[in-house]
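>>> no sequence on hand, only this structure:
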């Protein structure tokens with residue numbers, strides 16, 4: 001169990017160019033999801049891909065550049081009142097393959113798992129080929145995991161994971 005699962009997140013924030021710092025405290029969530037170990041700088045993209053915006057029901061915390069033993073620096077996303085489904089988890093895996101997902105219920109971590117990209121992705125990602133049938137005919141998006149990335153089921157082109165998440 002990592003510190004971000006159970007306790008409030010405390011981070012230092014640089015204030016302007018005067019070099020002063022301020023402690024930030026992000027309160028723990030009672031029920032929801034914590035996405036931890038996101039490579040620094042990718043947290044905002046994860047939030048955007050999940051469709052989280054100002055109209056989201058619960059509180060959302062995006063903490064960036066938190067010190068990490070595993071990654072040196074990491075981002076953390078806390079989403080109150082939301083539990084990620086399989087499609088959302090696969091999106092996170094494409095953007096942040098080293099991340100972990102923690103499910104919080106009644107203030108306690110009830111499930112913790114590292115994300116894993118499945119061998120077959122359905123309904124996740126967008127084929128970068130503008131002429132692909134999944135873009136022109138709105139067919140179901142299907143990608144096969146291969147050594148060099150992902151192959152589109154329709155146009156059979158290979159793409160890197162970050163190309164599928166525009």
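Sure, I can see it. If you're wondering where the values come from, they're calculated on a predicted model, not measured in any experiment. Numbers count the residues shown, from 1 in each chain.
>>> I'd like the average pLDDT over the helix ranked longest in the chain.
When the chain is parsed with DSSP state H, its longest helix is helix 86-95. Per-region confidence: helix 86-95 scores 90 on mean pLDDT.
>>> list the buried residues of it.
88, 89, 90, 91, 92, 93, 94, 95 (16 or more other Cβ atoms under 10 Å). All C-beta atoms are positioned from the backbone trio N, CA, C, and that covers glycine.
>>> out of the residues you listed, who's nearest residue 61?
Nearest to residue 61 out of these is residue 92 (Cβ to Cβ; 15.9 Å).
>>> can I assume the closest one is in contact with residue 50?
Yes - counting by Cβ atoms under 8 Å, residue 92 touches residue 50, with 7.5 Å between them.
>>> anything in contact with each of these two?
Shared contacts of residue 92 and residue 50, defined by Cβ atoms under 8 Å, 6 or more residues apart in numbering, are found at residue 84.
>>> packing partners of the longest helix of the chain?
helix 43-49, helix 161-164 (3 or more Cβ pairs under 8 Å, 6 or more residues apart in numbering; DSSP states H and E).
>>> give the pairing partners of the helix or strand following that helix; include direction for each.
Sequence order places strand 100-105 as the next helix or strand after helix 86-95, per DSSP states H and E. Taking DSSP bridges as the criterion, strand 100-105 pairs within the sheet with strand 32-39 (antiparallel), strand 108-114 (antiparallel).
>>> and strand 100-105, what's its mean pLDDT?
Strand 100-105 comes out at a mean pLDDT of 96.
>>> pLDDT below threshold where in this structure?
Counting by pLDDT under 70, the ranges of the chain that qualify are 1-24.
>>> state the distance from the closest residue to residue 157 other than its chain neighbours to residue 72.
Distances taken as Cβ to Cβ, 6 or more residues apart in numbering place residue 129 nearest to residue 157, at 5.5 Å, with adjacent residues excluded. Using Cβ to Cβ, to the nearest Å, we find residue 129 at a distance of 35 Å from residue 72.
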